[in-house]
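here is the input, now give the coordinates:
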Amino acid sequence: MSAWFTILLVFGLPLLVLQLGKTIKVIHFIGPVVLSYLVGLALGNLTGPWPTVLLQNDIASLVVPLAIPLLMFHSQPRSWLRVAGRSLLSFGLCAVAVVLAICLAYVALGYQLPEGKVMGAMLSGVYTGGTPNLISIGAVLDAKPETITTLIVMDTVLCGAYLLFLITIAHKVLGLVLPNPTLQATETSEQTVDVRSLPKDMSFGLLLAILCVLIGLLVSFVFTGAWFSEAYVLSGLTLCALLLGMHRRVASLRGTEVLGDYLILVFCVSAGIISDFSAILQQDTNVFWFCLMVVVGTIVIHLLLCRAFSIDVHTFMITSTAALFGPAFIGLVAYRLGNRQLLASGLTTGAIGYAIAFFVGMLVHGILEVIR
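I've put the predicted structure just below:
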């Protein structure tokens with residue numbers, strides 16, 4: 001396939017996926033991330049050949065660093081201290097649970113996997129800050145495309161089952177272990193979105209994201225002498241995005257998260273195309289058991305810690321959702337619980353997760369290096 005056709009396809013398919021997801025329920029249910037991977041996987045394994053270097057080195061190296069700041073501009077670090085103390089504590093306990101669960105699963109099984117340390121780091125990213133962090137951590141640690149695809153599929157299956165539990169019988173079951181909620185009312189204010197300002201805001205947000213990437217490149221050059229050391233580039237741009245997000249003008253930009261999500265889908269299509277489906281099928285079944293141990297371990301350890309700190313069942317559920325699923329599912333769980341007071345704390349802790357997940361992933365990788 002020609003380079004220009006590949007670029008048009010990789011950047012065009014996510015737009016089609018997002019548009020169809022608005023009207024076709026099945027596509028909306030599957031989710032744009034998984035569907036983009038599956039479409040890319042089908043194209044890569046049924047057609048071709050494709051320009052692998054363009055997809056893996058050029059497009060991926062462009063869209064991921066740009067997507068991270070766009071997704072983080074709304075993290076609003078200033079608001080972190082205003083979150084209800086119990087919610088912030090519960091989210092912190094969940095992050096601790098993620099790290100402990102991964103370490104235990106790695107000692108029990110993960111050390112046998114060829115990329116066990118990398119998988120552990122990526123899983124810590126996705127279970128504190130969502131799929132974008134899984135992808136960025138995988139990029140830094142040179143994870144194989146098949147490994148990234150496999151973990152996303154495993155995450156979709158396992159967390160899909162947990163989400164079903166959360167919106168059905170979780171409140172009654174977990175209520176046997178945790179106390180009933182005693183949340184204080186949270187003041188909220190509705191803001192009117194001026195649709196006409198979206199193109200301007202998105203363009204300004206993209207310029208700021210480019211600025212973050214340039215600063216990340218400068219950080220890489222200062223510390224390593226090389227312009228593109230991924231760990232330093234992503235660390236630098238993440239800190240830059242956090243600082244910019246503290247400015248009200250930046251935090252109020254409309255559409256930057258949508259643009260960031262779109263760029264992540266572009267990466268998903270390109271990663272799917274260069275993934276070898278036969279290699280995915282040949283993945284050790286221990287990968288599934290490793291992921292299952294991490295998910296179940298995280299939930300159980302978080303539950304026990306919340307029990308020890310007398311955190312109520314609603315706070316546990318909303319912060320568990322914020323960590324394992326991200327802000328997108330906060331509204332659904334809060335609605336099912338009939339407690340809209342959870343929205344503010346859930347969205348804020350989810351934003352905190354986006355901001356810290358990359359660093360948690362790097363920490364976990366370092367810990368696993370020491371363990372074995």
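
tell me how far Tyr127 lies from Ala121.
In this view, Tyr127 and Ala121 are 11 Å apart by C-beta to C-beta, to the nearest Å. (C-beta placed from N, C-alpha, C; glycine too.)

these two: which is more packed in?
Ranked by neighbour count (other C-beta atoms under 10 Å), Tyr127 and Ala121 place Tyr127 first, with 32 against 29.

so which strand or helix has that one?
Assigning secondary structure by DSSP states H and E places Tyr127 in helix 116-129.

show me which helix or strand of the chain is least confident by mean pLDDT.
Using mean pLDDT, DSSP states H and E, helix 277-281 stands out as the lowest-scoring helix or strand of the chain, at a mean of 60.

next helix or strand past it?
Once the chain leaves helix 277-281, the next helix or strand it forms, by DSSP H and E, is helix 286-308.

close enough to count as contact, Val98 and Ala323?
Yes - the pair Val98 / Ala323 is scored as a contact, 7.0 Å apart, by C-beta atoms under 8 Å.

quick revisit: now the helix holding Tyr127: mean pLDDT?
For helix 116-129, mean pLDDT rounds to 93.

how far is that helix from where the chain is centred?
Offset of helix 116-129 from its chain centre (C-alpha atoms, centre = their mean, to the nearest Å): 10 Å.

and the angle for it with helix 286-308?
Between helix 116-129 and helix 286-308, the angle comes out at 40 degrees (axes from the mean of the first three to the mean of the last three C-alpha atoms, to 10 degrees).

show me where pLDDT drops low in the stretch 51-200 of the chain?
52, 56-57, 75-84, 182-197 (pLDDT under 70).

can you pull out the helices in it?
52-53, 60-72, 85-108, 116-129, 131-140, 145-166, 170-174, 198-224 (DSSP state H, counting those that start in this stretch).

confirm for me that Leu342 is in contact with Ala322.
No - with the criterion set as C-beta under 8 Å, Leu342 and Ala322 do not qualify as a contacting pair; they are 9.7 Å apart.

neighbour count winner among those two?
For Leu342 versus Ala322, neighbours defined as other C-beta under 10 Å are more numerous around Ala322 (31 against 27).

okay, and that one sits in which element?
Going by DSSP H and E, Ala322 is part of helix 313-324.

and if you look at Trp227?
Counting by DSSP H and E, no helix or strand carries Trp227.

what values do phi and psi take at it?
Trp227 has phi and psi values of phi -70, psi -30 when expressed as degrees, to the nearest 10.

check what pLDDT it gets.
The per-residue pLDDT of Trp227 was computed as 82.

look up how far Ala101 lies from it.
Separation of Trp227 from Ala101 (C-beta to C-beta): 37 Å.

again, but for Ala357
Distance of Ala357 to Ala101, given as C-beta to C-beta: 15 Å.

neighbour-wise, which of the two wins?
Using other C-beta under 10 Å, the more surrounded residue of Ala357 and Ala101 is Ala357, with 27 against 24.

you'd agree the more buried one is up against Ser124?
Yes - if you go by C-beta under 8 Å, Ala357 and Ser124 touch, sitting 7.4 Å apart.

any residues in contact with both of those two?
Common neighbours of Ala357 and Ser124 (criterion: C-beta atoms under 8 Å, 6 or more residues apart in numbering): Ile137.

let me see the contact set for Asp142.
Val118.

same question for Gly129.
By C-beta under 8 Å, 6+ apart, the contact list for Gly129 reads 326, 353-358, 360.

tell me how far Asn339 lies from Ser345.
Asn339 is 11 Å from Ser345, by C-beta to C-beta.

and for Gly272?
For Gly272, the distance to Ser345 (C-beta to C-beta) stands at 35 Å.

ok so, going back, the helix holding Ala322 vs helix 85-108, what angle?
Using the same axes, to 10 degrees: helix 313-324 against helix 85-108 is 50 degrees.

and helix 313-324, C-alpha only, in PDB?
Extracted as PDB, the C-alpha positions of helix 313-324 are listed here (Å, rounded to 0.1, in the frame of the first residue of the first chain):
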ATOM      1  CA  VAL A 313     -19.900   1.500  49.300                       C
ATOM      2  CA  HIS A 314     -20.800   4.300  47.000                       C
ATOM      3  CA  THR A 315     -17.400   5.900  47.300                       C
ATOM      4  CA  PHE A 316     -15.700   2.600  46.700                       C
ATOM      5  CA  MET A 317     -17.800   1.900  43.600                       C
ATOM      6  CA  ILE A 318     -17.300   5.400  42.000                       C
ATOM      7  CA  THR A 319     -13.500   5.500  42.700                       C
ATOM      8  CA  SER A 320     -13.100   1.900  41.500                       C
ATOM      9  CA  THR A 321     -14.900   3.000  38.300                       C
ATOM     10  CA  ALA A 322     -12.700   6.100  38.000                       C
ATOM     11  CA  ALA A 323      -9.600   4.000  38.200                       C
ATOM     12  CA  LEU A 324     -10.500   0.900  36.200                       C
END
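
ok now it, how far from the chain's centre?
Here helix 313-324 shows a centroid-to-chain-centroid distance of 16 Å under the convention C-alpha atoms, centre = their mean.

count of neighbours near Ala161?
Using other C-beta under 10 Å, the number of residues around Ala161 comes to 12.

check Leu16 too.
When counting by other C-beta under 10 Å, one arrives at 12 neighbours for Leu16.

now name the helix or strand holding it.
In this assignment (DSSP H and E), Leu16 forms part of helix 3-21.

flag every buried residue along the next helix or strand after that helix.
Downstream of helix 3-21, the next assigned helix or strand under DSSP H and E is helix 25-30. Within helix 25-30, the residues that count as buried by 16 or more other C-beta atoms under 10 Å are 27, 30.
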